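J.: here is the input, now give the coordinates:
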Amino acid sequence: MKQLFTIIFLTFFAGLNAQHVSYDPISPLENYDFVLGTQGIGGKYKFSHESALVEQAKHIRAMGSNILKISLGKNALDSYGLGKKTVHNTLDLFNASPDFKQVFDMDFKYIFAWVHTCTDVNWKKGISPMEEKILYDEMYDFASYLLKSYNDSGKTFLIGNWEGDWLLHNGNGRESTPDSKIIRNMTKWFQIRQRAIDDAKKNVPHVNVSIYYYIELNLVLKGMKGEKCIAESVLPKVPVDLVSYSSYEAIKNRSKAEVYETLDSVFNYLESKLEPKPGLPFSRRVYIGEYGYQANAKKPETFEKQYNKTKDLMEIALKLNLPFALHWEMYNNEYDNKGNSKQMSLINEEGEKRPLYYLHKNYYEKMNDYLKSYKSENNQYPAQEEFNKKALSVLEELN
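T.: Take a look at the predicted model:
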C-alpha cells in the first residue's frame, strides 16, 4: 500500500509538470525477452517538438522496455503527425519520414509493426496474378530491407495485421457470418505475405537479426463454438509464424480466475490450429498483442480497479508462458462519443505518468537487475521458465 501511495504522489507531481514531460534516465538493458510491453499506435497528443511516434518510443524505452510496437499502416503518417505524402508500398511509407527509421534504430530488441498494405490492391474483392505479385513484392522488399539494414543488430522484427476478424467480418458486426469469398481472399492474402517473408529470409544473407510474420485475431471465441472466423476458417491454411490475440473479448467482465481459464483455453485452441513450423525461437507461437482496461476520470475508484486488473493480466501472461503481452498503450487514443478519454494510457493527455507507467517501470528495473546479476553469477541468462518465476514474484511485491 505504501508503494501505491508513492506512485500516486509521483503521478500528481508529474501532473504539475505536464507541459514539460521529461524522459526518465535511460539505463542499458539486458539482452532478454521481458515478455511484458506496451505500444505507441497513433497519437492524439504530444508534449514536445518531436512527433508522437518518436515521443512514445522514447518514453517506452526510458520506462525500461526493449519492446516497441507501432503502426506502418496506410494512415500512419497522418496518425503520427508526420505530414502527408503519396506512398505506393510499405517501404515507401517507411522511407517517407525519418522518424520511422529513428525509432527502429533505437535499442529495442523486439519491434512489432502493423503492416496491412499501402498498395491499391483490395484483397477482399479478389487477388489477380498481377495483384498477387504486387502484394508479394511489397512484403518481400520490406522484409529484405529490414534484414539488410539491421544485419547483426540483434533485433527481432514482428510484422502483421491489426484485429483481423474485423476485416474478415467486413463491417457487419461480430455476430455476422463472414462471406466465403472474403474467407478465401484473406487466406490467400495471408499466404502471400508469409511466403514473401519466408523467401526473404532464405534469399537475403543475414546474421543475428530475425523477422517473423504474425496474424492477429480478435474473435476467437466464435471459432471455439465452431463458427466462422479467422481461427476456425483461415488459420489452419496458413503456415504462419506466430498468432497475436487482441484479447478484449476474453478479459472483459471476468474475474482473474475466469480470465486465466478463458485465455488458457483460447491459446490451446489456437495452437491446435497451427501446423508445426521448425526454427521458431519461442516455446509458444501465440501471444497477447493487445489488452487493456478503461477507467473514468470522474470515478477515482476505477483507476485502482484498472491497476489491479492490469497487474493480474501481466501475471496470467507469465503463468501461461506467453512470449509477449502488450498493453494498450503509451498515449491514449480511445475516447467516447462525447470526446471523454477512456484513460487507457500510461501517460495521459495532461502529461501525467500514471500508476500503470510505474508498474511497468518498476517491473523492468527489478527484472533487468535480476538478469544482470544472474548472468554475472552464471555466465548465462536464466531459462524462460526461471525468468517467469522470478517475474511473478516481482509483480507480487509491486502493490
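J.: the closest residue in space to Ile159 that isn't next to it in sequence: how many residues sit nearby?
T.: Leaving out its chain neighbours, the residue that sits closest to Ile159 by Cβ to Cβ, 6 or more residues apart in numbering is Val115, at 5.0 Å. Glycine gets a C-beta too; all of them are placed from N, C-alpha and C. Close neighbours of Val115, defined as other Cβ atoms under 10 Å, add up to 25.
J.: next up, the contacts around Val115.
T.: Listed by Cβ atoms under 8 Å, 6 or more residues apart in numbering, the contact set of Val115 reads 72-73, 90, 139, 142, 159-161.
J.: and with 7 Å instead?
T.: 72, 90, 159-160 (Cβ atoms under 7 Å, 6 or more residues apart in numbering).
J.: one more: Glu175?
T.: When contacts are counted by Cβ under 7 Å, 6+ apart, Glu175 touches no other residue.
J.: show me the shaky parts of the stretch 1-150 of the chain.
T.: 1-20 (pLDDT under 70).
J.: okay, strands next: where are they in it?
T.: Using DSSP state E, counting those that start in this stretch, the strands assigned to the stretch 1-150 of the chain run over residues 36-38, 67-71, 110-114.
J.: how much space separates the nearest residue to Phe47 once chain neighbours are set aside from Glu50?
T.: Counting by Cβ to Cβ, 6+ apart, the nearest residue to Phe47 once its immediate chain neighbours are dropped is Val21, at 4.3 Å. Relative to Glu50, Val21 is positioned 11 Å away (criterion: Cβ to Cβ, to the nearest Å).
J.: and if you look at Lys101?
T.: Distance, Lys101 to Glu50, using Cβ to Cβ: 14 Å.
J.: neighbour count: the two, which is higher?
T.: In this comparison of Lys101 against Glu50, neighbours counted by other Cβ under 10 Å, the higher total goes to Glu50 at 15 against 12.
J.: show me the two of the contacts of Val115 that sit farthest apart.
T.: Checking those against each other with Cβ to Cβ, the farthest-apart pair comes out as Thr90 and Gly160, at 12.2 Å.
J.: CA atoms of the longest strand seen in the chain as CSV?
T.: Identified as the longest strand of the chain according to DSSP state E is strand 210-217. Extracted as CSV, the C-alpha positions of strand 210-217 are listed here (Å, rounded to 0.1, in the frame of the first residue of the first chain):
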residue,chain,number,x,y,z
SER,A,210,15.2,-12.0,-37.2
ILE,A,211,11.9,-11.3,-38.8
TYR,A,212,8.6,-13.2,-38.3
TYR,A,213,5.1,-12.8,-39.6
TYR,A,214,2.0,-12.9,-37.3
ILE,A,215,-1.7,-12.9,-37.8
GLU,A,216,-3.7,-11.0,-35.3
LEU,A,217,-7.2,-12.3,-34.3
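J.: strands paired with that strand, and their directions?
T.: For strand 210-217, the paired strands and their directions (DSSP bridges) are strand 156-160 (parallel), strand 242-246 (parallel).
J.: show me what counts as buried in stretch 118-135.
T.: Neighbour counts using 16 or more other Cβ atoms under 10 Å place 118-119, 121, 123, 127, 131-132, 134-135 of stretch 118-135 among the buried residues.
J.: going by distance to Tyr293, which of the residues you listed wins?
T.: Taking Cβ to Cβ as the measure, Cys118 is the one of these closest to Tyr293, at 32.4 Å.
J.: now do the closest one against Glu216, distance only.
T.: Separation of Cys118 from Glu216 (Cβ to Cβ): 18 Å.
J.: how much space separates Gln194 from Lys124?
T.: With the distance defined as Cβ to Cβ, Gln194 ends up 18 Å from Lys124.
J.: no no, Glu352
T.: The gap separating Glu352 from Lys124 is 41 Å, by Cβ to Cβ.
J.: and for Lys305?
T.: According to Cβ to Cβ, Lys305 stands 39 Å off from Lys124.
J.: just the mean pLDDT for the helix or strand encompassing Gly223, thanks.
T.: Gly223 is part of helix 220-224, with elements assigned from DSSP states H and E. Per-residue pLDDT values over helix 220-224 give a mean of 98.
J.: could you write out the alpha-carbon coordinates of the very next helix or strand once past that helix in PDB?
T.: Using DSSP H and E, the helix or strand that directly follows helix 220-224 along the chain is helix 230-233. Provided in PDB are the C-alpha atoms of helix 230-233 (Å, rounded to 0.1, in the frame of the first residue of the first chain):
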ATOM      1  CA  ILE A 230     -10.000 -16.400 -38.800                       C
ATOM      2  CA  ALA A 231      -9.100 -19.000 -36.200                       C
ATOM      3  CA  GLU A 232     -11.500 -21.600 -37.500                       C
ATOM      4  CA  SER A 233     -11.700 -20.800 -41.200                       C
END
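J.: now do the same for the closest residue to Gln343 other than its chain neighbours: its pLDDT.
T.: With Cβ to Cβ, 6+ apart as the criterion, Gln343 has its nearest non-adjacent residue at 4.0 Å, and that residue is Ala295. According to the per-residue confidence, Ala295 scores 97 in pLDDT.
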